[in-house]
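# no sequence for this one, just the structure:
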Ligand SMILES: Nc1ncnc2c1ncn2[C@@H]1O[C@H](COP(=O)(O)OP(=O)(O)OP(=O)(O)O)[C@@H](O)[C@H]1O
Ligand SMILES: Nc1ncnc2c1ncn2[C@@H]1O[C@H](COP(=O)(O)OP(=O)(O)OP(=O)(O)O)[C@@H](O)[C@H]1O
Ligand SMILES: [Mg+2]
Ligand SMILES: [Mg+2]
């Protein structure tokens, strides 16, 4: 409910800025004009096709990145030797921007979904991985000793101790990855020209159709908001036990 | 000795594999590693480093530090205030989902094309992991610790400084770590548009002028840069979080 | 290989293009059936520039691509295995009435190209066709191009960049050129015109591999493109209409923009000139492009 | 004066930890609180400290209603391990509240040293809490409260993890501190002997839903010592009385 | 049979928690361990459970050297709060080790219910640990160990947070469990009466550097009950002996 208030505030500011003449409305059109442009877009099948394309790339890419990030993260985090052996490689690969891999992606997949996926997965994977690694390191030693004293096997310790501890970190990782994946999906479309919202933004941009461009950017942002809402709701249900969700400190 | 082996082992293996597999490569865009390495020395001369890598690093540092300060400050405020969180979270999520390449032109409208724009782009992209992790870390502060602080009248800024931040610091460190590599990525992206120097600019320029081995050498340099920075980061973290790592190691019998 | 060949002998062909006015003929040709006549089913893949299109063509993901001439020359010096197959777009050759030019704000002290010396000029990419041709304009106007400070700025940002004084001048193309002029901007040079008469600005190209393996497909594609170019050149109204189908340029702007020329031949002399200009400006890293090798 | 009236606390969604508590503690009084496990003692202490909002009734300290932690209050938490800050050394943990009080540096170090010595931890100043044994951690928490020189001291089973001898020493420490500073002390314990030995009064809580089941005044001489006081027949009488009351409290819930 | 010989443990960088400990516990014996706070009892228990690598000496259980947690061992940790998993309900916490033992479902629920009832927590099965009072949490940890039906049971001050009456009940629970299952029990406590009441033997540790200071065999009848055993003159004699020994241990460090 309050969140709507925040968004409404943003809308008002964007309406007021160009109207007051603080910025040229040719470059930042007021909310009303952006909304009008959005209205023109949402009735076209092309628009929904683009949204669907972007979301498909996002969902698949995110799913792959999260699954891989969690599995690799837990494996590396739980086995100290692996961690020591891989950390330098991880640190080396992580800062390589997905965008620098565009030629490689195009080389391999052209403008197909594969291209977008490669970039999305590459970028989102590290977000999850790093969070999982920190989460795994956060296991309470006493809780772990308890499990060991009852002779929990490796798998049971991962499942019952390590995983619940890492879960809040994983959630943060997934939320970070979700938006990074969206960002990369749109960027890939934007630069490579794979079908989707990004391509529409690129077209609007080169054509100087400013309100359209902002309308499409807004759609991307709104997708982000929706994704976060879903993530929060899911988190509230799964992390009911966690300190951060137990209820805000009273008094 | 052993540490060095761990650090270098896997990279050496991977590079060797790359070297062998690519040795006979005919592909224009995936040249043999031999050529890439050969061009590395030629390309990244001292002049180049000074002219392109140094400005990049300065922008990176400025952007990262700014993002760290903003992320932590905002994160603490949001993490402590459930009402504030409910109000601003959607707006933040909205901006978080907007791709920086789309945003660069928009930011350019307001911030021009100088270093300011590039730093803003870096901040805009890498503030999120810091912010999110700070929020979560702050929310997860042990309730008994908080009660202790409250009972002893440790309030306001002191509570944040002495209890909330230290307690959340492991998670904040995770966020900063993420932010660092994102900052590098955004440094490159910001320099892809409207720049005339910088590491990102150089790489893009190589790509545009079909100097592919040079482009790959630039990507390797990025990796090395990231590795070096993360090493520095780990040193700093090891210092700041000594208590935490000690606590973790304590009952493992080590 | 040459795309997928269906059982009925129709070749599916992907062409990497930038969604701007310059490539209107291929869309028009597609609509008019110039490609299907020749058993080619074209589809356009819109990329944001050479970064995506050239690797796509080299790797065979696209069969053909569209790129500006200077980029192709650079590629040639690096032995990128590509070859042009047809002309893409050419300057109108009329001073003050070309589809690209250098513009300044109405109240700018810059009156002629010679005044650009020592100023900040926006181009979409550094070390490419924009800056070499602008330098030539300055030279021709009697100025010294050495002191020009070129900065990169995407075309869509130029109107704002100029307005806000982020740059002193901008080398813009349509539709931004019309937009800037409508906002009171003043044209100070037609750089394509200054560079060479009948300058071929861009061309369609393919990989040498495809050219060698499927000469027939390349031939049919070239014929289809040429027919499209010729048709476009003589039917400006249809061009203005088709632009609306793949861009978001509004109708009024579409009616106002200056359309380029679409000759069917690459003007080799102009390409030689471009090559010389580029060599002089050092954008080929000391190499000299071999124009003949690039030609169809 | 601390006064609790009609205090009620219901945890979400419907655990009624306290039903209706009313009692007062005079300024400078030392009152012990006993009651079965889970009856709501910790809840009560948290409400008094202003850490928990009561569902009903009110708490006031020196005439002012408690709505947040009142100044001059120190509390020793039952979860001693979690109430120490793991990122600070023992010295810093003890010193932190003193810094908040803006005491000068020399005064602070004197207080820290004095209190750590009093709990038998001189020499462990620069260790981190997690390098200490359970009992040592608990003593750090006690030292922190003692060094603070509070006007109201709330202690939640503060000696649960220390050995018998140390416990006796700490009991005497609390009594001497109380006598010296005139501090109001509310002391939760499970050890009935301890309650009788320490307190001027002992409040007995029933098991939940919790009310004040009974209360006795400990009419032993103010000068107490481990040997003689505990051997006093009146001491034995009192402790038997408390014991029976608690047993009654327990039984009442078991059967009812 | 549990045998500890020459056990030494030095924490990084140079805290010598245990100097040289040697003792044995027969199979099915119930031995209590007392010693001053911080003397190394918890450290000893961790070494026996195979959770901590000794610096010197060795621990063997039934003839096999302990290098990791041996099978059939259950431990109640001093930090009961942190040893419960906050993401699981009380029931799941107790049940989890049984699942690891691959007991059938019906057997598991029977054990869970039985043990929770034995510690007086029937009805709190579906609460989370952090919704419970300190004493209740500690009882969950005890229930978890009891339900496990271990062959060796290590308990580190397991009754520190519960009230006197519950404590007496739990003492009897441990004794009956021990008699019924023939489990070997090593029990750390600060309560000397408890040590004498529960154990067949009481081991007294010195303060650090820690060695076994003394040991007594509790020659009270095997059938014990709270009322009569504690009233037994022999009981008083034994507890006085232990008390004096511990005091001696303390004094020796204070002066030396
Ligand atoms: N956060 C909570 N949520 C729900 N119920 C709670 C919460 N905290 C405490 N309770 C319940 O309130 C009751 C009283 O708890 P409290 O901790 O005050 O008991 P206590 O008297 O301190 O017990 P002990 O002597 O065992 O420490 C218990 O039944 C407990 O289950
Ligand atoms: N992780 C650690 N690092 C360094 N020193 C430690 C560590 N853990 C325990 N110690 C030290 O070892 C000694 C013995 O600790 P231990 O916890 O075994 O004592 P204890 O007998 O269980 O005491 P208590 O009765 O207070 O619980 C103490 O002096 C403590 O400071
Ligand atoms: Mg309590
Ligand atoms: Mg201990």
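All right, it came through fine. In this text the structure is predicted, and so the values were computed from the model without any measurement. Ligands and ions are numbered 1, 2, ... in the order given.
# for the rest of this, base every contact and every neighbour count on C-alpha atoms.
Noted.
# all helices of the chain, in order?
Using chain A here. If DSSP state H is used as the criterion, the helices of chain A fall at A:2-19, A:31-42, A:45-78, A:80-93, A:102-109, A:113-137, A:141-149, A:154-157, A:163-192, A:197-206, A:210-238.
# please go with chain C instead
Per DSSP H, chain C carries helices over the ranges C:24-32, C:50-58, C:69-77, C:129-140, C:158-163, C:176-182, C:191-195, C:208-213, C:215-234, C:236-246, C:251-256, C:268-281, C:291-294.
# do I have it right that residue A:25 meets residue A:16?
No - under the criterion of Cα atoms under 8 Å, residue A:25 is not in contact with residue A:16, lying 10.4 Å apart.
# centroid residue for chain D?
Chain D has residue D:155 as the residue nearest its centroid, 1.7 Å off, counting by Cα atoms, centre = their mean.
# what about that residue, which SS state?
Put simply, residue D:155 is strand when judged by DSSP: H, G, I helix; E, B strand; the rest coil.
# surely it meets residue D:184?
No - when contacts are counted by Cα under 8 Å, residue D:155 is not listed as touching residue D:184 (11.0 Å).
# okay, the helices of chain C in a markdown table with mean pLDDT, distance to residue B:174 and mean neighbour count next?
Written out in a markdown table, the entries for the helices of chain C read as follows (pLDDT from 0 to 100; distance: least, Cα to Cα, whole Å; neighbours: other Cα atoms under 10 Å in any protein chain shown):
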| stretch | mean pLDDT | distance to residue B:174 | mean neighbour count |
| --- | --- | --- | --- |
| helix C:24-32 | 89 | 50 | 21 |
| helix C:50-58 | 76 | 34 | 27 |
| helix C:69-77 | 85 | 43 | 24 |
| helix C:129-140 | 87 | 45 | 24 |
| helix C:158-163 | 84 | 38 | 23 |
| helix C:176-182 | 87 | 45 | 20 |
| helix C:191-195 | 86 | 52 | 26 |
| helix C:208-213 | 86 | 49 | 18 |
| helix C:215-234 | 89 | 54 | 20 |
| helix C:236-246 | 88 | 45 | 17 |
| helix C:251-256 | 86 | 50 | 15 |
| helix C:268-281 | 86 | 48 | 19 |
| helix C:291-294 | 81 | 52 | 15 |
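# nearest to ligand 4, out of the ones you listed?
Nearest to ligand 4, of all the helices of chain C, is helix C:50-58, at 65.5 Å by Cα to the ion.
# that closest one - contacts with which helices or strands?
Judged by 3 or more Cα pairs under 8 Å, 6 or more residues apart in numbering or on different chains; DSSP states H and E, the packing partners of helix C:50-58 are helix A:102-109, helix A:163-192, helix B:199-208, strand C:11-17, strand C:64-68, strand C:200-207.
# what's in contact with stretch C:129-144?
Defining contact as Cα atoms under 8 Å, 6 or more residues apart in numbering or on different chains, one finds that stretch C:129-144 is touched by C:68-71, C:102, C:112-117, C:123-124, C:145, C:150, C:171, C:189-192, C:194-195, C:274, C:277-278, C:281.
# what's the neighbour count on residue C:188?
22 (other Cα atoms under 10 Å in any protein chain shown).
# can you tell me the closest non-neighbouring residue to it?
residue C:112 (5.2 Å; Cα to Cα, 6 or more residues apart in numbering or on different chains).
# fine by me, we can end here.
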